[in-house]
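S.K.: A structural model of the following input is requested.
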Amino acid sequence: MTLETSIEFVKGIGPERAKLIKNVLGISTVEDLLQFYPIRYIDKNKVYKTAQLQESNLEIQLKGKISNVQEILTGKVKRLTAKFNDDTGSMDLVWFQYSKWLKEQLPVNREVFIFGKINAFNNQFSMPHPEIELDENKEKDNRLRPIYPSSEKLTKRGLNQKFFQVILRNICKEIPNLIQENLPEYLIGSMKFLSRQQTYLNIHFPENLAYFEKANFRLKFEESFFFQLGFGLKKAHHKTKSQGNPFPIVGDYFTGFYENHLPFELTNAQKRVLKEIRMDMKKPIQMNRLLQGDVGSGKTMVALLTMLIALDNGFQSCLMAPTEILAQQHYNGIKDLLKDTEIKVNLLTGSVKASARKIIHEELENGELSILVGTHAVLEDKVKFKNLGLAIIDEQHRFGVAQRAKLWAKNKIPPHILVMTATPIPRTLAMSFYSDLDVSVIDEMPVGRKAIITAHRREKDRTYVYHFCHEEIRKGRQIYFVYPLIEESETLDYKNLMEGLEHVMDNFAHYNVTMLHGKMKPDEKDAAMNYFASGKSQIMVATTVIEVGVNVPNASVMVIESAERFGLSQLHQLRGRVGRGAEQSYCILMTSDKMSTESRTRIKTMTETNDGFKISEVDMQLRGPGDILGTQQSGVVDFKRLDLVNDSAIIKNTKNMVEKILEKDPLLSRPEHQIIKNYYLQYYKGKNKWSKIS
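M.R.: Sure, this is the predicted structure:
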C-alpha cells in the first residue's frame, strides 16, 4: 500500500463503497483518507454517574445495568424503552426506530457502557438510541475517539462513524510504511514537534488532548510552511531571473510636478512608499510590488508620481482598472493633476468610439501618448506601446492570470508591476496569498482631514435625519442617498431606487436632485456626475455605482438606506466618498429594526472605527477568506487545518522562517534542506498556481 493506492483496495471498502465515498467526500486515495481529519473527538475514558446528569449537546458515557425492556404503543407509534441503573440512580433508554433483533439482544442485567446525548423532559432524563458495549468487550484503548464528517447518504449505506473509525485505525497501522518526514531535524527539534508519523496517528486517534494539540499544530505549521515556501521560491526566482528595465533617473517630469504642481504635501507614509518603489525600479529586475492603503490615503498620487519616474526614463505607463467608472475616475484625476504640464494622457475603454480608438493606438505606438488609463480594452492585440515600462493594476484580484500576463507581454522586457488594492487586505491574507510580492503600506491619512462621523439610525429617526440633511444643505454642502437595488425584488424588501428618488424629491422639494445608477449609459453617468460635482445639484440619489469613481469634496453627508443589506467592505468604500473636503463629514446608516447578528456586527464595526485595516479583519471573520480574495481566486483557500482568521501567529512565524531559510539558501541546495526541497517538488509544486502576478 502507498499513499497513491486507490481506496477501493483498502480492506473493508471495495469498488462500490469506494465510488460512493469518492462521490460524497471526494476521497480517492489512501493519502486522501489520511487527510480526512476528524471534526471532533469523544473522550470515552470518562464515565459519568446518573446523579451528575444534565441536558447537554455533548455525548457522554455511563456504566451500569439495563432492565425493564418493553415496547410501548402510543396511538400508532411504537417505541422500545428500557431502564438504565447505576449506583446513584436511573434513567430511561429510548428507541423510536428499532428491530426485533435489538429487543432480543439487549444485554439485560449485565454490566454495560452506554454512550449518547442526554434529553430532559419534566426533570426526567433519557438517552435516545444509545451505543451499548458490554464491559467485558470494551476495547482497552485510552485514546480519544474520532468523529468524522459524514452524511445521511453514507450512513444509510452503513458507512457510519464505526466504519470510518475501523478503516482509519487499520490505515494508521500502516503509517510507518506510508508517512515520511518532510522537515529537517533542526526544525523539528527547535519547534519540539511530534514526528510526522506520530502526528498522523495523533490527529486520528489522539492519546490525549495534549497530543491532539501537538499534532494539530504541526499539521497547521506544515500547511503554512510549504505554502509560504512556494511563494518564497517564486519571489527568489523573480529577483534573480526576471529582467526589467532600470529607471536610474529622477528628472524634470517628476521634479517639475513635485515642486510646482503637487496640490498638497505628501504624508510621511506616501514618501516612504515612493522611496521603496524608487529603490525597486533602480534595479535591472522587474518590480513586483503591492501597494496597500485605506480609502482616501493617496494611492493614486503615489501611482502618478511612479509614472512620472517611468517617463523621466523614456518609458510609457499603463494603469488598468476593472470597471469603466473606476478607469474614468483615475483618468479624470490624473488628467486634472497634469493639466498644467505637456504630458499626454488618454482613456481606453470598451465604449471609446472607433475613430478615437484609432488615434490612441497610433499615439501609443509612436510614443506620443505617455500615460494610458483603461479597462480590459488595453489588453487587445491592436494596443501596442512604443516602450511600456510600468504597468499599474488596480484591484488586481478582479483580473485573471491570463489577462494580467497579456499586459506585461506588451513589451520585450516586461514592465515594472505595481498592484493596488481598493481597500486594505487582512494581514494574514497579505502574508499568505500576496507573499510573492513586496508590500508597501500607506498607513497614514492626509494632514488636516477630519475623521468621518458614522451614526446608526432607524426608520423612527428619519425625520431627524432629514432635518440634519436640510441643515447641511443650508450650509452649502451636498448629500448622497444610496440604495441597494434598482429594481424591485419579489422576495426581498429592498428599497427601490425609483421610490427612493421620489421620496427624496418630496422631502427636499426646494433642491435639485440627481440620479445615478449602473444601467445608465456612460455619457449619462458623466453628465449626472458632472452636474452634481459642479454644485448645480444638492442631492444625488444613487446605487452602489458610486462606491468608486466619485470625488466631490463638497459632499459632506452620505445616507445609506437599508445599510444592513451591504457588506462591510462595501460600506467602508461608500463612506469613503465623503470626507474629501475640509469640512466635517457624516455617514448615516439607516436600517430596519430587525437585523441578523452578522448585520449588527457590520453596523457596529462601522460606527466604532474608520480604520480600513481593522474593518478588513472583521470582514474576513464574517465572510471568510475566500470571499475577500475575490472571484478569480474562489476555491483556492483549501487548507485542511490552517485557519486564516485565527492562525495569524503561525502564518507570521512560518513566513519569517521561510524568508530566513531562502535568504541563506535560495536554491535549497544545502544537505539539511534537501528534505524540504524534495517534499515540495513532489507534493506542492503547482498548487500555488493561481497567484501568479508576474
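S.K.: Low-confidence ranges, the stretch 251-400 of the chain, go.
M.R.: The stretch 251-400 of the chain contains residues with pLDDT under 70 at 396-400.
S.K.: And the helices in it?
M.R.: Applying DSSP state H, counting those that start in this stretch to the stretch 251-400 of the chain gives helices spanning 252-260, 268-281, 299-312, 324-337, 354-366.
S.K.: Buried deepest among the ones you listed, which one?
M.R.: Compared across these, helix 299-312 shows the largest average neighbour count, a mean of 23 (mean count of other CB atoms under 10 Å). Bear in mind the C-beta positions are built from the backbone N, C-alpha and C, glycine included.
S.K.: And stretch 528-538, end to end?
M.R.: Using CA to CA, to the nearest Å, one end of stretch 528-538 lies 12 Å from the other.
S.K.: Determine the longest strand present in the protein.
M.R.: strand 56-74 (DSSP state E).
S.K.: what about it, distance to the chain center?
M.R.: From the chain centre to the centre of strand 56-74 is a distance of 46 Å (CA atoms, centre = their mean, to the nearest Å).
S.K.: Could you do stretch 36-50 as well?
M.R.: In terms of CA atoms, centre = their mean, the centre of stretch 36-50 is set 33 Å apart from its chain centre.
S.K.: Same question for that stretch: list its buried residues.
M.R.: Using 16 or more other CB atoms under 10 Å as the test for burial, stretch 36-50 gives F36, Y37, P38, Y41, I42, D43, K44, T50.
S.K.: same check, this time on stretch 663-671
M.R.: Result for stretch 663-671 [16+ other CB under 10 Å]: buried residues L668.
S.K.: Can you give the contact residues for it?
M.R.: Here stretch 663-671 makes contact (CB atoms under 8 Å, 6 or more residues apart in numbering) with L233, A236, T240, I661, L662, H673, Q674, I676, K677, Y680.
S.K.: now, the most widely separated pair of those?
M.R.: Largest separation among those by CB to CB: T240 and Q674, giving 20.4 Å.
S.K.: Measure how buried F468 is and give me the count.
M.R.: F468 sits with 18 neighbouring residues when counted by other CB atoms under 10 Å.
S.K.: L58 now?
M.R.: Neighbours of L58 using other CB under 10 Å come to 10.
S.K.: so it touches G116, yeah?
M.R.: No: counting by CB atoms under 8 Å, L58 stays clear of G116, with 10.2 Å between them.
S.K.: and the lengthiest helix in the chain, what other elements does it pack with?
M.R.: The residue-count maximum for a helix in the chain (DSSP state H) belongs to helix 209-241. Judged by 3 or more CB pairs under 8 Å, 6 or more residues apart in numbering; DSSP states H and E, helix 209-241 is in contact with helix 196-204, helix 427-433, helix 648-664.
S.K.: Tell me the helices and strands packed up against the first one.
M.R.: By that I understand helix 196-204. Against helix 196-204 (3+ CB pairs under 8 Å, 6+ apart) you get helix 161-173, helix 175-178, helix 209-241.
S.K.: Contacts for the first one, please.
M.R.: Contact partners of helix 161-173, identified using CB under 8 Å, 6+ apart, comprise 10-13, 30, 33-34, 36, 145-148, 150, 178, 200-201, 204-205.
S.K.: Which of those residues are buried? Put it as a PyMOL command.
M.R.: Buried residues among those (16+ other CB under 10 Å), as a PyMOL selection:
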select buried, resi 10+13+30+33+34+36+145+146+148+150+178+200+201+204+205
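S.K.: Give me the neighbour count for the nearest residue to G64 once chain neighbours are set aside.
M.R.: Spatially, and ignoring its direct neighbours in sequence, G64 is nearest to D86 (3.5 Å; CB to CB, 6 or more residues apart in numbering). For D86, the number of neighbouring residues by other CB under 10 Å comes to 18.
S.K.: just checking, D86 touches K63?
M.R.: Yes: taking contacts as CB under 8 Å, D86 lies within contact range of K63: 6.4 Å.
S.K.: buried set for the longest helix of the chain?
M.R.: For helix 209-241, burial by neighbour count (16+ other CB under 10 Å) applies to 211-212, 214-236, 238.
S.K.: what do you get for stretch 105-122?
M.R.: Going by neighbour count (16+ other CB under 10 Å), the buried part of stretch 105-122 is L106, V112, F113, I114, F115, G116, I118.
S.K.: Enumerate every residue touching the first one.
M.R.: When the contact criterion is CB under 8 Å, 6+ apart, the partners of L106 are I66, V69, A82, I132.
S.K.: Surely K410 touches K386?
M.R.: No: counting by CB under 8 Å, K410 stays clear of K386, with 10.3 Å between them.
S.K.: tell me the secondary structure for T454?
M.R.: strand (DSSP: H, G, I helix; E, B strand; the rest coil).
S.K.: Would you mind naming the residues that bridge with it?
M.R.: For T454, the beta-bridge partners are C587 (DSSP bridges).
S.K.: Could you do the one 4 residues further on as well?
M.R.: On DSSP bridges, the residues paired with R458 through beta bridges are T591.
S.K.: quick one: it and T323, what's the gap?
M.R.: Per CB to CB, to the nearest Å, R458 is found 33 Å from T323.
S.K.: Looking at those two, which has the bigger crowd around it?
M.R.: A count of neighbours by other CB under 10 Å puts T323 above the other of R458 and T323, at 19 against 13.
S.K.: Quick check: closest non-adjacent residue to the more buried one.
M.R.: Spatial nearest neighbour of T323, excluding adjacent residues (CB to CB, 6+ apart): T375 at 6.8 Å.
S.K.: domain parsing for this structure?
M.R.: Domains of the chain are assigned by automatic domain parsing as 1-45+145-178, 51-141, 252-281+296-422, 453-609.
S.K.: first to last residue in the first one, what's the distance?
M.R.: From its first residue to its last, domain 1-45+145-178 covers 8 Å (CA to CA).
S.K.: what about it, distance to the chain center?
M.R.: 30 Å.
S.K.: closest to V645 out of the helices of the stretch 251-400 of the chain?
M.R.: Of all those, it is helix 299-312 that lies closest to V645, at 25.9 Å by CB to CB.
S.K.: Return the list of helices and strands in contact with the closest one.
M.R.: Packing partners of helix 299-312 (3+ CB pairs under 8 Å, 6+ apart): helix 252-260, helix 268-281, strand 288-293, strand 316-320, helix 324-337, strand 388-394, strand 416-420.
S.K.: try 6 Å this time
M.R.: Where contact means 3 or more CB pairs under 6 Å, 6 or more residues apart in numbering; DSSP states H and E, helix 299-312 is packed against helix 252-260, helix 268-281, strand 388-394.
S.K.: could you check the angle helix 252-260 makes with it?
M.R.: Relative orientation of helix 299-312 versus helix 252-260 (axes from the mean of the first three to the mean of the last three CA atoms, to 10 degrees): 140 degrees.
S.K.: got a list of contacts for helix 299-312?
M.R.: Helix 299-312 is contacted by residues 247, 249, 251, 253-254, 257, 270, 273-274, 277, 291, 293, 317, 333-334, 370-371, 389-390, 392, 420 when judged by CB atoms under 6 Å, 6 or more residues apart in numbering.
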